[in-house]
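>>> The sequence and its predicted three-dimensional model are supplied below.
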Amino acid sequence: MKRRAWFLKGSALFGFLFLYAPILSLIIYSFNESKLVTVWGGWSLKWYSSLFQNDQIMDAALLSFKIAIISATLAAVLGTMAGFVLSRMGPFRGKTILGGWVTAPLVMPEVITGLSLLLLFVAMESLFGWPAGRGEITIIIAHTTFCLAYVAVVVQSRLSSMDETLEEAAMDLGAKPGTLFFLVTLPLIAPAIISGWLLSFTLSLDDLVIASFVSGPGNSTLPMVIFSKVRLGVTPEVNALATLMILAVSIAVIAAIVIMRRQTKFQQP
C-alpha cells in the first residue's frame, strides 16, 4: 500500500510538473532583463512596458478578446437552446440529424471547418453581397459555429442528469413555460452554461487555423500575430503578453468557481 501511495503521489507530481513547469518558466522569463529568452540577465519589467507600446500586438489582443467575448456569448445562447431542444423536446423528426449537425464541429478537423466556412462566405458575398469581405464579422460567425457545439454538449449533459421533479412541481403550481425555464431550469443549468462560456472563450481566443481562413487584411487575431513573430524568433514581449493572458484567465476561472460554489450552496437545503 505504501509503494502504491508513493507511486500515485509521484505520478501526480510528474503530471503537474509536466503541465505547469513550462508555464512557470514562461512567467519567470517575462521578467528577464536580457533580450535573449534563453539567457537570464536579471529581473526587469521593461518588456511589459515595451509590450504596451507595441501597437500591433495590443490591437490584435483587443480584437481577439472582443471576438472571444462575442463568440462565447452567442455560442452560450445558441448552444443552450440546442442542448435544451435535444434533451427536453422528446422524439421528433430530424432529431438525430440535428444532433449530428450540432456535434459535427467536435470531430471535424479545423482545416476542413475553416475551408468550408471560407467557401461559404465567398458564395454568400457573391450571391447576397454579405459579408463584404473577410474580417471581424466572419471570424465571429466561424468561432460561434464551432464553439456552440461544446456548449450544447455540456448543457445537454447537465439537463439529462438533472432532477425533473423540480420542474414538474413548478408546473403543478401553475408555472408557465417561460417562467419555468427562467426561474427553475436556468438557475439549475447555470454552472453548465458558465462552463460552456469559459470553454468557448478559451477556444476562440486560442484559435489560429480557422481564423487564418476567414480573416482578412487588417484583422489579424492575437494567435496569428504571435505565430508570425514566433517563426522569426520568440521575443520577451510574447512572454510578457502570455503572462498577462494567464493572469486574466486565472482570474476568470477563479470567479467562475466562486459563482458555481455559491450556486451549489444555494441549491442545497
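That came through, no problem. Numbers count the residues shown, from 1 in each chain.

>>> What ranges in this structure fall below the confidence cut-off?
Scanning the chain for pLDDT under 70 picks out 1-2, 37, 263-269.

>>> all helices for it, in order.
In the chain, the segments counted as helices under DSSP state H are 2-29, 46-52, 55-88, 95-107, 110-128, 136-161, 165-172, 177-180, 186-206, 209-214, 222-230, 236-267.

>>> Export the shortest one to CSV, keeping only CA atoms.
Extracted in CSV, the C-alpha atoms of helix 177-180 (Å, rounded to 0.1, in the frame of the first residue of the first chain):
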residue,chain,number,x,y,z
PRO,A,177,-43.2,27.5,-19.7
GLY,A,178,-41.4,30.8,-19.8
THR,A,179,-41.5,31.2,-16.0
LEU,A,180,-40.5,27.6,-15.5
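
>>> Tell me the buried residues in it?
Going by neighbour count (16 or more other C-beta atoms under 10 Å), the buried part of helix 177-180 is residue 180. Heads up, the C-betas are built off the backbone N, CA and C, glycines and all.

>>> elements contacting it?
helix 165-172 (3 or more C-beta pairs under 8 Å, 6 or more residues apart in numbering; DSSP states H and E).

>>> what's the angle from the helix it packs on to helix 236-267?
With axes from the mean of the first three to the mean of the last three C-alpha atoms, to 10 degrees defining the directions, helix 165-172 sits at 60 degrees from helix 236-267.

>>> which residues touch helix 165-172?
Helix 165-172 is contacted from outside by 179-180, 183-185, 188, using C-beta atoms under 8 Å, 6 or more residues apart in numbering.

>>> Among these, which one sits closest to residue 47?
residue 188 (45.8 Å; C-beta to C-beta).

>>> Excluding covalently adjacent residues, which one is nearest to the closest one?
Nearest non-adjacent residue to residue 188, counting by C-beta to C-beta, 6 or more residues apart in numbering: residue 162, 5.8 Å away.

>>> ok, that neighbour touching residue 189?
Yes: between residue 162 and residue 189 there is a contact under C-beta atoms under 8 Å: 7.0 Å.

>>> Looking at these two, which one has more neighbours?
residue 189 (22 against 16; other C-beta atoms under 10 Å).

>>> Tell me which residues touch that one, please.
The contact partners of residue 189, by C-beta under 8 Å, 6+ apart, come to 80, 155, 158-159, 162.

>>> Same list, these, but as TSV with distance to residue 171 please.
Listed next are these as TSV, based on distance: C-beta to C-beta, whole Å:
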residue	distance to residue 171
80	20
155	21
158	20
159	16
162	15
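
>>> Among these, which one sits closest to residue 215?
Set against residue 215, the nearest of the contacts of residue 189 by C-beta to C-beta is residue 80 (27.4 Å).

>>> Contact partners for that closest one?
Under the contact definition (C-beta under 8 Å, 6+ apart), the residues listed for residue 80 are 151-152, 155, 189, 193, 196.

>>> Please tell me which one of the residues you listed counts the most neighbours.
Greatest neighbour count in these, by other C-beta under 10 Å, goes to residue 151: 29 neighbours.
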